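Chemist: following is a predicted model, sequence given first.
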Amino acid sequence: LEPQDREHGDVMLAVMKKIASIDMDERRVRQEGEFKAKLGSSKYTMQLASQGTKVGERAVLELVPDKSLYTSLESIGMRDSMRDSLKEVLGDDHGMVLFCSLPNGGLQTTWNVGITATDRYLRDFSAVEDKAKPFTHVENVEIHTFDGPAGQAPGDMLRGVLLREPDVVVIPDFVDGQTVDTLTNYAVDQNKLVISSVRAKDGIEALLRVLALKPEEPAKFAQS
């Protein structure tokens with residue numbers, strides 16, 4: 001659409017907030033919600049996030065198709081050499097793999113397609129993610145959720161998951177340094193594979209963003 005004037009834009013945002021079940025009058029604190037939409041024969045989950053700023057309010061609406069158009073590394077246009085390298089590291093039995101991209105840069109699509117390319121029927125995969133932000137949609141990956149909006153962290157769920165000694169732990173967001181340490185130790189000491197993702201413009205920034213969570217054992221993270 002063409003840019004809207006402020007009056008119409010405010011009304012549009014208020015309507016979307018209302019059907020996303022968040023407070024349409026709150027314009028300062030961060031809020032997140034979602035609603036369903038259909039265009040033609042395609043169905044979408046519309047994820048809405050709003051946050052107050054110094055000059056007003058910023059809102060981001062992300063359209064997530066219920067059925068992805070991409071089902072393989074080839075379908076997202078990954079070149080052969082990169083595809084082979086990625087499959088090699090995802091097929092390893094230990095270490096850590098990080099996916100990264102800028103926001104709205106295809107991270108979730110690449111994440112799901114990448115995990116689809118793994119040997120999930122030969123190894124035990126367990127995912128840990130915030131139930132308010134479902135991210136992994138891959139068959140034969142068991143999902144364990146924590147309640148982020150209620151103040152829970154991945155660590156509240158990880159202990160029980162790791163006691164089962166899965167071959168691969170999948171976690172879309174480390175959230176905090178303690179989780180980085182826990183999974184680094186699991187990867188290094190137990191010789192297991194950990195797969196995670198980071199919002200970053202490239203691989204170097206992704207590593208720096210993980211270190212910004214202040215894990216207590218950064219050298220061990222580097223080793224993984």
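Modeler: Sure thing, it's come through.
Chemist: hey, where'd the strands end up in the chain?
Modeler: 31-39, 42-53, 56-65, 95-101, 125-130, 142-146, 168-171, 193-199 (DSSP state E).
Chemist: for the most centrally placed residue in the chain, phi and psi?
Modeler: The residue lying closest to the centre of the chain (C-alpha atoms, centre = their mean) is residue 172, at 4.0 Å. Here is the backbone geometry of residue 172 (degrees, to the nearest 10): phi -60, psi -30.
Chemist: tell me, how many residues neighbour residue 196?
Modeler: 22 (other C-beta atoms under 10 Å). (Glycine included, C-beta is placed from N, CA and C.)
Chemist: ok, it touching residue 95?
Modeler: No. Judged on C-beta atoms under 8 Å, residue 196 makes no contact with residue 95 at a distance of 11.7 Å.
Chemist: what residues are up against the closest residue to residue 149 other than its chain neighbours?
Modeler: Using C-beta to C-beta, 6 or more residues apart in numbering and skipping residues adjacent in sequence, the residue nearest residue 149 is residue 132, 5.3 Å away. Applying C-beta atoms under 8 Å, 6 or more residues apart in numbering, we find residue 132 in contact with 32, 147, 148, 149.
Chemist: again, but for residue 211
Modeler: Contacts of residue 211 by C-beta under 8 Å, 6+ apart are 218, 221.
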